[in-house]
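# sequence first, then the predicted structure:
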Amino acid sequence: MVNYLSICYNENIMANTLLIYGSLTGNTEGVAHKIQEMSQARGKEIEVKNALDADLADLTGPYSSFIFASSTWDDGLPQADFADFIERVSASKPNLSGKKVAILGLGDSNYVHFCGATETIEQLFIGEMAGQKIIENLRIDGYPEMEENQTALKNWVDKLVELID
Ligand SMILES: Cc1cc2nc3c(=O)[nH]c(=O)nc-3n(C[C@H](O)[C@H](O)[C@H](O)COP(=O)(O)O)c2cc1C
């Protein structure tokens with residue numbers, strides 16, 4: 001009985017979507033948790049994981065949708081923890097066909113390679129691993145708290161929650 005109940009409970013709280021983020025100064029981390037809250041308020045659970053703790057098993061597990069979120073540093077590169085995650089999964093290149101993918105970048109358009117990380121992420125998880133791109137990439141320019149960024153984030157999440165399971 002206890003086992004039966006715990007299985008039911010786990011099924012109820014199991015999220016179908018995993019958001020993996022890389023963040024150096026906390027901006028992407030903050031946005032990741034905001035997305036989780038906004039989505040939860042609309043009835044969709046999203047699990048959030050720091051790229052530091054993410055590995056191949058996260059991609060090959062039961063999730064049907066992924067949100068990959070990274071800031072850009074060092075002339076267009078993904079944030080270091082996200083870059084390390086990419087390195088960990090690149091060797092085996094799991095097939096993500098049938099899995100939904102959304103991509104979020106934080107950056108600053110004063111830099112030449114604005115949100116360059118989104119291009120690297122798209123190339124890998126969609127181009128090479130065959131994930132299904134379900135929504136245009138969101139690129140946050142500057143502080144996430146700025147009104148235009150808040151509006152862009154809200155509009156993006158409104159669309160996203162309709163597309164993920
Ligand atoms: C030294 C430095 C290099 C940066 N390089 C880029 C860049 O090449 N492209 C870009 O779009 N943003 C760049 N940024 C902006 C950061 O990506 C932006 O501040 C972001 O919000 C940081 O998010 P995080 O705290 O989640 O890491 C750079 C910022 C700094 C301080």
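Nice, thanks for sending it over.
# just the strands in this structure please.
Along the chain, the segments classed as strands by DSSP state E run 17-22, 46-50, 65-73, 77-78, 100-107, 132-133, 138-141.
# tabulate the ones you listed (a markdown table), appending mean pLDDT, distance to the ligand and mean neighbour count.
Backbone N, C-alpha and C define where each C-beta goes, glycine included. Listed next are the strands of the chain as a markdown table, based on pLDDT from 0 to 100; distance: least, CB to the nearest ligand atom, whole Å; neighbours: other CB atoms under 10 Å:
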| stretch | mean pLDDT | distance to the ligand | mean neighbour count |
| --- | --- | --- | --- |
| strand 17-22 | 98 | 7 | 26 |
| strand 46-50 | 98 | 11 | 18 |
| strand 65-73 | 98 | 3 | 26 |
| strand 77-78 | 98 | 7 | 22 |
| strand 100-107 | 98 | 2 | 25 |
| strand 132-133 | 98 | 20 | 14 |
| strand 138-141 | 98 | 7 | 21 |
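# can you redo those strands as TSV with distance to Ile121?
Shown next, in TSV, are the strands of the chain (distance: least, CB to CB, whole Å):
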stretch	distance to Ile121
strand 17-22	10
strand 46-50	15
strand 65-73	5
strand 77-78	7
strand 100-107	5
strand 132-133	11
strand 138-141	12
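# the lengthiest helix in the chain and the ligand, are they touching?
Of all segments of type helix in the chain, defined using DSSP state H, the longest is helix 147-163. No - for helix 147-163, no contact with the ligand is found by CB under 6 Å from any ligand atom; the gap never falls below 9.9 Å.
# what residues sit buried inside that helix?
149, 152-153, 156-157, 160-161 (16 or more other CB atoms under 10 Å).
# next: stretch 113-131.
Residues of stretch 113-131 classed as buried: 115-122, 124-126, 129, 131 (neighbour count, 16+ other CB under 10 Å).
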